[in-house]
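K.L.:
With the sequence up front, the predicted model follows.
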Amino acid sequence: MRLICSFFLLVAALGAETADWIWTGRYVVTMDAQRRLIDNGAVAIRGGRILAAGAQADIEKRYQARQRLDRPDAILAPGLISTHTHAAMSLFRGIADDLRLQEWLERYIFPAEARNVTPDFVRWGTRLGCLEMLLSGTTTFADMYYFEDVVAEAAKEAGMRGVLGETIIGFPSPDAKTPRDALAFTESFLARFHDDPLIVPAVAPHALYTNSDETLKACRALANRHGAPLLMHLSETRRENDESLAKRKMTPTQALDALGVFNGRTLVAHAVWVDEADLAILKARGVGIAHCPSSNMKLASGVAPVVRMLALGLAVGLGPDGPAGSNNDFNLFEEMDLAAKLQKVATRDPRSLPAEAAFEMATIRGARALGMEKEIGSLEPGKRADLISIRLDRPNAVPLYNVYSQLVYALKGCDVEDVMVNGRLLVKDARPLTLNAAQIEAKAREYRAQVQKSLRGMP
Ligand SMILES: [Zn+2]
């Protein structure tokens, strides 16, 4: 009998496929179409992609891995997807808070940017942003800022996935005198990162109210020529909407639609002041939305109608927005928690935006918002191996009755233990493997002194 058993084990071992990695965990949250939640699960990975996610016993039978990561007291989940950031602004974290948006921009951010934002600033700021994002479980970020080629280099060096676009804006910026310069820069940026395994280059006009109609049309045309997504801000504040109605007799959504800006892959950030007609347009054009609850609350912008958006089936992801004044950190665990709670307050209904829906926004629905749902957002065979483990051995993690409730309402970014992007381990035991944390933090303190000095004498 024993002999027969050994024989079958041998056959099983010989028949096993090779894998680069097997990760095992107490729970595997797949976020696949069936929303499979696997007890004592495992994920097999090869060549940067997921081979299978299933019961540990099953996976062990089918695959023989060169490397393993066993987390018997952790959740394995898809890497979190941040759909709207300005990563390099991390060096302005806390520069000025609790101010009206216009005052914050005009008195602090614009002068601070004009005097400090250089390629070196953007490199260290993005490194700092990537470090914080990775340590709190974010594996993909959609970003728009200046010197976006440097953002892309820093993201690749960290090993993170980025959907990145150079901000195109109708006044002189730190790296472009005119929108025409920014468009020309974007054209070469699109060519340089075309087919990159980690970077999806994008076209990123800042907003309707900061660009001419001609620039916006040129942005759309450029994006479509390169098959690139277009990222922009939309209807963040009531003032933006009031001004558009006064000037054009149209909401910003209607105006952008009339200009043809939504004729192609698009992701808009905020969409706070959108009415039913606007939502119908966004739905008809397949526009993805980055919901930024921390930012909308901190700047008192308003509450995006997320419950309605989800009911309409819109692709809504989550974003922390910029870390300087509008948030001030990059923690998607916080955004999930706040997104769920903000909708409950706004609708006065605790059933609004349940935990599972919030987790979906941080994963597969966020992937849809970026038009990347075939590649990322869930743990399924064939998808990119972007995954995280979250420890369950801390006071805020026990007892566990419902995995989604725990993920959204109890667990924190600092509970993330391991992070993999594209099959490469970037964080292990909550320690970064690709970024030098001590060096990055020292640089951030250095920049603080420089920024402070540059603002001296400001009114
Ligand atoms: Zn923003």
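P.N.:
Happy to help now that I have it. Because the structure is a prediction, the values reported are computed rather than measured. Numbering: from 1, shown residues only.
K.L.:
Name the nearest residue to Gly377, ignoring sequence neighbours.
P.N.:
Ala367 (2.8 Å; Cβ to Cβ, 6 or more residues apart in numbering). Every residue, glycine included, has its C-beta placed from N, CA and C.
K.L.:
Can you list the low-confidence ranges for the stretch 1-150 of the chain?
P.N.:
1-14 (pLDDT under 70).
K.L.:
tell me which strands and helices the longest strand along the chain is in contact with?
P.N.:
The strand that spans the most residues within the chain, counting by DSSP state E, is strand 63-78. Judged by 3 or more Cβ pairs under 8 Å, 6 or more residues apart in numbering; DSSP states H and E, strand 63-78 is in contact with strand 17-29, strand 37-46, strand 387-391, strand 416-421.
K.L.:
from the middle of its chain, how far away would it be?
P.N.:
Its chain's C-alpha centre and that of strand 63-78 lie 24 Å apart, by Cα atoms, centre = their mean, to the nearest Å.
K.L.:
any residues touching the helix or strand just after that strand, and which ones?
P.N.:
Using DSSP states H and E, the helix or strand that follows strand 63-78 in sequence is strand 80-85. Defining contact as Cβ atoms under 8 Å, 6 or more residues apart in numbering, one finds that strand 80-85 is touched by 129, 133, 136-143, 231, 267, 269-270, 288, 290-292, 317-323, 330, 332-333, 362-363, 366-367, 369-370, 376-377, 388.
K.L.:
helix or strand right after strand 80-85?
P.N.:
The helix or strand immediately downstream of strand 80-85 is helix 101-103, counting by DSSP H and E.
K.L.:
Which is the succeeding secondary structure element to that following helix?
P.N.:
helix 110-116.
K.L.:
contact partners of that following helix?
P.N.:
Under Cβ under 8 Å, 6+ apart, the answer for helix 110-116 is Leu91, Phe92, Ile95, Tyr146, Ser173, Pro174, Tyr447, Gln450, Val451, Ser454, Leu455, Met458.
K.L.:
what comes up buried for that helix?
P.N.:
Ala112, Glu113, Asn116 (16 or more other Cβ atoms under 10 Å).
K.L.:
Same list (those) but as JSON lines, adding distance to Ala246.
P.N.:
Converted to JSON lines, the buried residues of helix 110-116 look like this (distance: Cβ to Cβ, whole Å):
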{"residue": "Ala112", "distance to Ala246": "31"}
{"residue": "Glu113", "distance to Ala246": "28"}
{"residue": "Asn116", "distance to Ala246": "35"}
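K.L.:
Return the closest of these with respect to Leu198.
P.N.:
Distance to Leu198, by Cβ to Cβ, is smallest for Glu113 among the buried residues of helix 110-116, at 26.4 Å.
K.L.:
quick revisit: nearest to Glu214, of the buried residues of helix 110-116?
P.N.:
Distances from Glu214 to the buried residues of helix 110-116, taken by Cβ to Cβ, are shortest for Glu113, at 24.6 Å.
K.L.:
still on that earlier bit, of all the helices and strands packed on strand 63-78, which lies closest to Tyr108?
P.N.:
From the helices and strands packed on strand 63-78, taking Cβ to Cβ, the stretch that ends up closest is strand 416-421, at 31.5 Å.
K.L.:
Just checking: what are the partner strands of the closest one?
P.N.:
Sheet partners assigned to strand 416-421 using DSSP bridges are listed as strand 387-391 (antiparallel), strand 424-428 (antiparallel).
K.L.:
tell me the most buried of those?
P.N.:
Highest mean neighbour count among those (mean count of other Cβ atoms under 10 Å): strand 387-391, with a mean of 26.
K.L.:
May I have that strand exported as CSV, CA atoms only?
P.N.:
Taking Å, rounded to 0.1, in the frame of the first residue of the first chain, the C-alpha atoms of strand 387-391 are listed here in CSV:
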residue,chain,number,x,y,z
LEU,A,387,-0.4,40.6,-5.7
ILE,A,388,0.0,41.4,-2.0
SER,A,389,-0.2,39.7,1.3
ILE,A,390,-1.9,41.3,4.3
ARG,A,391,-1.1,40.0,7.8
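K.L.:
how far does the helix or strand just after it sit from the chain's center?
P.N.:
Counting by DSSP H and E, the next helix or strand C-terminal to strand 387-391 is helix 403-405. Distance, stretch centre to chain centre, for helix 403-405: 20 Å (Cα atoms, centre = their mean).
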